[in-house]
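S.K.: I would like the atomic coordinates for the input below:
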Amino acid sequence: MVRAKPRKKIEAVEEVEKPLQPRQCQRYLQRTLAKEFRSIVQGFVSEARNGGCAHMKLAAELLEPATKTSTRKKGTAQRLLEKLGE
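M.R.: Here you go, the predicted model:
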């Protein structure tokens, strides 16, 4: 009669999460913030109501409309006309 060798128990290997590559970081941050956005804003509002000055300032800055700045530079003719107009 031949006895079988006892099998070794294979322990579950914990899966180690790989660090994100730089190009993946922004996407990961966007997804995470999108999931938690409502609770983040609610936290700012509740702290602002309780008198948190820094939270109130941040809430006021977030409510201001974004201003568009023109990235177009003045041409030579425009600068000359402005100079002559002075």
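S.K.: now the helix or strand bottoming out on mean pLDDT in the chain: how far from the chain's centre is it?
M.R.: In the chain, no helix or strand scores lower on mean pLDDT, DSSP states H and E than helix 53-63, which sits at a mean of 76. How far helix 53-63 lies from its chain's middle: 17 Å, per CA atoms, centre = their mean, to the nearest Å.
S.K.: Could you do stretch 18-32 as well?
M.R.: On the basis of CA atoms, centre = their mean, stretch 18-32 sits 10 Å off its chain's mean C-alpha point.
S.K.: Now that stretch: average pLDDT?
M.R.: Mean pLDDT, stretch 18-32: 85.
S.K.: how about the helices of the protein, start to end?
M.R.: With DSSP state H as the criterion, the chain has helices at 22-49, 53-63, 76-85.
S.K.: name the helices or strands packed onto the longest one?
M.R.: Counting contacts by 3 or more CB pairs under 8 Å, 6 or more residues apart in numbering; DSSP states H and E, helix 22-49 packs against helix 53-63. Any C-beta I mention is one placed from the backbone N, CA and C, and that applies to glycine too.
S.K.: Mind listing residues that contact the helix it packs on?
M.R.: Contacting residues not belonging to helix 53-63 are listed as 44-45, 47-48 [CB atoms under 8 Å, 6 or more residues apart in numbering].
S.K.: Most widely separated two among those?
M.R.: Farthest-apart pair in the contacts of helix 53-63 is 45 and 47; separation 7.4 Å (CB to CB).
S.K.: hmm, back to that, just the buried ones from the contacts of helix 53-63?
M.R.: Among those, those that count as buried by neighbour count (16 or more other CB atoms under 10 Å) are 44, 47-48.
S.K.: Among these, which one lies nearest to residue 38?
M.R.: Using CB to CB, residue 44 is the member of these that sits closest to residue 38, with 11.1 Å.
S.K.: and the closest one, what is it in contact with?
M.R.: Here residue 44 is in contact with 55, 58-59, 62 (CB under 8 Å, 6+ apart).
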